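Participant: I'd like to go over a predicted model; first the sequence, then the structure.
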Amino acid sequence: MGDLSNPERRMLMALQGREGAWTLEQVLAACEWEDQAVAVGAGHGLSNRGFVKIKESITNAIKLGIEGEKAVENGLLEARLWSWIQDNDSPSMKELSDAFERHEAGPGVGLLKKLGVSLEGGVFTCEDPQVVQKEIDSRTAFLNSPSPDDPLYSHFKGRRNLIEDVGTITRTWSITTSGSIISQDELKEVVKIAEITPELLQGDEWRDAEFRPYDVSLAATMPRSGRSHPMQALIERIRSIFLEMGFSEIVEDYVQTAGWNMDALFIPQDHPAREMQDTFYLDNPNSIELDPSLLQQWKDIHEHGGDTESTGWGGQYDPAISQKGLLRTHTTVNTIQYLAENPTEACRVFAIDRVFRKESIDRTHLPEFHQIEGIIMEPGANLGMLVTTLKTFYEKMGYPEVRVRPAYFPYTEPSLEVEVKWRGKWLELGGAGIFRPEVTEPLGIKDPVCAWGMGLERLAMLVLGLDDIRQLYISDLEWLRNQPIL
Ligand code: PHE
C-alpha cells in the first residue's frame, strides 16, 4: 500500500472499524482531523482505488439575493406601493408616479395588478383589499425565512435577484470489500518526504525514506516572479539569433542629420517622407554641422550622379537641408555610417533599435517603434544570399514560410518586401535590397551590400498573437504576467 497517502491510510483504518455509511463529522472525529478538505481528499483517493464508496446528495437551500436583502430592509416593492395606496383617499397613477421612482412605479403597478388591484380612470381600486394584504404579508414572511419547500418559492424564483439557490453537497463514505481486506499493517502511517530541501540532502535520512509521488498533471498556481518585458525578451532572442548567424551588433544615437538619414541614402530632397508631417525635425539641435566635402559629395550625386554612372535626381541640392537635426526615421542611417567608416572590410552587422515617425497612434501604428536592421557586405554578396539570410532568420523565429515581392526604395536596387505567413495570411514585415551605386560608390565601397530593415513590433504582434500594437506598451500587468517566456 506504498502508494496510499497518510490521510488515506488513516481514513481507511478508521472505516475498517465499522461497516456502513460514515458522515463527514464521523470521519473527522475518528481521524482526529479538523479540516474537512483533508477528509474529502482522502475519501476521493480511496474511492479512486475502489476501497471506499462515496454517496453524494445535494440538498437545496436558498439565500437572499441583492434585491431580496433590500426588500427585507425597506419592504417589498408591492408592499410599499400597496401601503401608499391604502394611505391615500383617491390614489391616482399620476400621484403614484410622483411618489415613486420611475423604475419602481412601472413594475410595482404590474405586480399589484396581478394581485387584483386595477386602475380605473387613472385611480386605483380594489375589490377585496384583504386578499391583497394577505398575499403581501405571506410574501414578506417568505423573505424573512426563505425555504425551497415553501409554495412561494417558484414565485420568487421568477423575480430578479430576490433569492438565490445554494446547493450543498452532503457526502457519506462506506468501506468496500476490497477496502476491508487490507491488513492494518499496511495501513501504518509512514513519514513521507513531500519536499526536497538542501537541509534534507545534507543528511542521510532521505536514503531510506519514502517520497510522495509527484503528479505533474495536477493544476497548480503559477508562480509570480520578476521577468523581462516581452519586448525585451524578444529583442534578446533576435539578438542571439543574429549573433549565432555570425553578425555583430551596432548601437548608435537616434539624433541624426537629414543628410545621413536621407541624402546619403540617395533619398531625393523633395521626397514626401522627408516632409514635416512624416519626420520629427528637432529644434535643438536644429542643425548639425557636417563636413563640407561630404555635403559636396551628396550634392554631386543628387544633382548629376557624381562620378557614378547615374544621372542623379537633377534639380538643386540644398546643403542646409542635409544639416537639419532629426530623430532617425530608420536604422539604415546607422548602417550607412558604419559602412562609411569601414568601406573596405567585409562585414555582417545588425541593429535592433528605436526609430521615430509622425504616425497617428492606432491598432497597427506607433510614432516610436523599433527596427531590426542588418547588412552583409562581402565579395559576391547577392540577392539569393539576402533572401536566404532573411528566411533563415524567420525560420529560427518559428516562421518557416517566407516570401519576397518586388518593392521600391530609393537606396536599393533591386528592392524587396519581405512577407511571412501567419495564420494563413501573408503579412508584410519589412523591406530589403542591395544598396545602389549612388549610395556605395561615393563611400569607396567596392563589394555589394545586402541590406534589410524590419519592424520589431509587427513581429512581436505575431509572436504574442496580438491584434493591437498598443498592448505592447500599456503596462497591463495582468497581461504581462500571462505572456509566454520567449
Ligand atoms: N529602411 C527601410 C524602412 O524603413 C527598410 C529597408 C532597409 C529597405 C534596408 C531596404 C534596405 O522601411
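Facilitator: Nice, thanks for sending it over. Residues are numbered from 1 along each chain as shown.

Participant: ok so Arg80 is a helix residue?
Facilitator: Yes - membership of Arg80 in a helix is supported by DSSP: H, G, I helix; E, B strand; the rest coil.

Participant: How about the contacts made by it?
Facilitator: Shown in contact with Arg80 (CB atoms under 8 Å, 6 or more residues apart in numbering): 74, 100, 104, 108. Bear in mind the C-beta positions are built from the backbone N, C-alpha and C, glycine included.

Participant: quick check, nearest of the residues you listed to Met377?
Facilitator: For those, the residue nearest Met377 by CB to CB is Glu104; the value is 80.1 Å.

Participant: Need the three-state assignment for the residue of the stretch 201-350 of the chain found nearest the ligand.
Facilitator: The nearest approach of the stretch 201-350 of the chain to the ligand comes at His330, 3.5 Å away (CB to the nearest ligand atom). Assigned with three-state DSSP, His330 falls in the coil class.

Participant: re the thing from before, which one of the contacts of Arg80 has the most neighbours?
Facilitator: Counting by other CB atoms under 10 Å, Gly108 has the largest number of neighbours within these, with 21 neighbours.

Participant: thought that residue was touching Gly75?
Facilitator: No - using CB atoms under 8 Å, Gly108 is not in contact with Gly75, being 11.1 Å away.

Participant: The contacts of Arg80 in helices, which ones?
Facilitator: Within the contacts of Arg80, residues falling in helices by DSSP state H are 74, 104, 108.

Participant: Sort out which one of those lies nearest the ligand for me.
Facilitator: Of all those, Glu104 has the smallest distance to the ligand: 62.9 Å, by CB to the nearest ligand atom.

Participant: Spatially nearest residue to the closest one, not counting backbone neighbours?
Facilitator: Nearest-residue entry for Glu104: Leu77, 6.0 Å, with adjacent residues in sequence omitted and distances by CB to CB, 6 or more residues apart in numbering.

Participant: Identify the residues contacting the one you found.
Facilitator: For Leu77, counting by CB under 8 Å, 6+ apart, the contacting residues are 71, 104, 107-108, 111.

Participant: how about JSON lines for those, with distance to Asn48 and pLDDT added?
Facilitator: Below are the contacts of Leu77 laid out as JSON lines (distance: CB to CB, whole Å; pLDDT from 0 to 100):
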{"residue": "Ala71", "distance to Asn48": "46", "pLDDT": "94"}
{"residue": "Glu104", "distance to Asn48": "54", "pLDDT": "92"}
{"residue": "Pro107", "distance to Asn48": "51", "pLDDT": "92"}
{"residue": "Gly108", "distance to Asn48": "55", "pLDDT": "93"}
{"residue": "Leu111", "distance to Asn48": "52", "pLDDT": "94"}
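
Participant: Dump the residues you listed into JSON lines; add distance to the ligand as well.
Facilitator: Conversion of the contacts of Leu77 to JSON lines gives the following (distance: CB to the nearest ligand atom, whole Å):
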{"residue": "Ala71", "distance to the ligand": "66"}
{"residue": "Glu104", "distance to the ligand": "63"}
{"residue": "Pro107", "distance to the ligand": "62"}
{"residue": "Gly108", "distance to the ligand": "67"}
{"residue": "Leu111", "distance to the ligand": "68"}
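
Participant: Arrange the residues you listed in a markdown table, one row each, with distance to Asp300 as further columns.
Facilitator: Shown next, in a markdown table, are those (distance: CB to CB, whole Å):
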| residue | distance to Asp300 |
| --- | --- |
| Ala71 | 90 |
| Glu104 | 86 |
| Pro107 | 86 |
| Gly108 | 90 |
| Leu111 | 92 |
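
Participant: sorry, back to before: and the residue nearest to Glu104, how far from Leu111?
Facilitator: Between Leu77 and Leu111 the computed distance is 6 Å (CB to CB, to the nearest Å).

Participant: Ok, Gln232 next?
Facilitator: Gln232 is 61 Å from Leu111, by CB to CB.

Participant: what about the two, which has more around it?
Facilitator: When Gln232 and Leu111 are compared for neighbours, Leu111 comes out ahead with 18 against 11, by other CB under 10 Å.

Participant: ok, the closest residue in space to that one that isn't next to it in sequence - contacts?
Facilitator: Closest residue to Leu111 apart from its sequence neighbours, by CB to CB, 6+ apart: Glu78 at 4.2 Å. Taking CB under 8 Å, 6+ apart, we find Glu78 in contact with 108, 111-112, 115, 136, 139.

Participant: try 6 Å this time
Facilitator: Listed by CB atoms under 6 Å, 6 or more residues apart in numbering, the contact partners of Glu78 are 111-112, 136.

Participant: Equivalent analysis for Val349, please.
Facilitator: 248, 250, 375.

Participant: how about a cut-off of 7 Å?
Facilitator: 247-248, 250, 335, 338, 374-375 (CB atoms under 7 Å, 6 or more residues apart in numbering).

Participant: Helices - which of those residues land there?
Facilitator: Filtering the contacts of Val349 for helices - DSSP H - leaves 335, 338.

Participant: Are any of the contacts of Val349 buried, and if so which?
Facilitator: The neighbour count (16 or more other CB atoms under 10 Å) marks 247, 250, 335, 338, 374-375 as buried among the contacts of Val349.

Participant: Run through the residues you listed and flag the ones next to the ligand.
Facilitator: Among those, no residue lies close to the ligand (CB under 6 Å from any ligand atom).

Participant: related to what we said a few turns ago, just give me the neighbour total for the residue of the stretch 201-350 of the chain closest to the ligand.
Facilitator: Neighbours of His330 under the rule other CB under 10 Å: 21.

Participant: now Lys63
Facilitator: Neighbour count for Lys63, taken as other CB under 10 Å: 11.

Participant: and it, what does it touch?
Facilitator: Contacts of Lys63 by CB under 7 Å, 6+ apart are 164, 166.

Participant: helix, strand or coil for it?
Facilitator: Three-state call for Lys63 (three-state DSSP): strand.

Participant: beta partners for it?
Facilitator: Counting by DSSP bridges, Lys63 is bridged to Glu164.

Participant: Let me see the backbone angles for Pro484.
Facilitator: For Pro484, the backbone dihedrals (degrees, to the nearest 10) come out as phi -70, psi 160.

Participant: Not counting its neighbours along the chain, what's nearest it?
Facilitator: Spatially, and ignoring its direct neighbours in sequence, Pro484 is nearest to Leu464 (7.7 Å; CB to CB, 6+ apart).

Participant: pLDDT score for the one you found?
Facilitator: As predicted, Leu464 sits at a pLDDT of 94.

Participant: So it sits against Gln483, correct?
Facilitator: Yes - here Leu464 reaches Gln483: they are 6.4 Å apart, a contact under CB atoms under 7 Å.

Participant: intersection of neighbour lists for those two?
Facilitator: Listed as contacting both Leu464 and Gln483 by CB under 7 Å, 6+ apart are Pro230.

Participant: Let me see the domain layout of the protein.
Facilitator: Listed domain ranges for the chain are 6-59+167-211, 66-161, 232-254+328-481 (source: automatic domain parsing).
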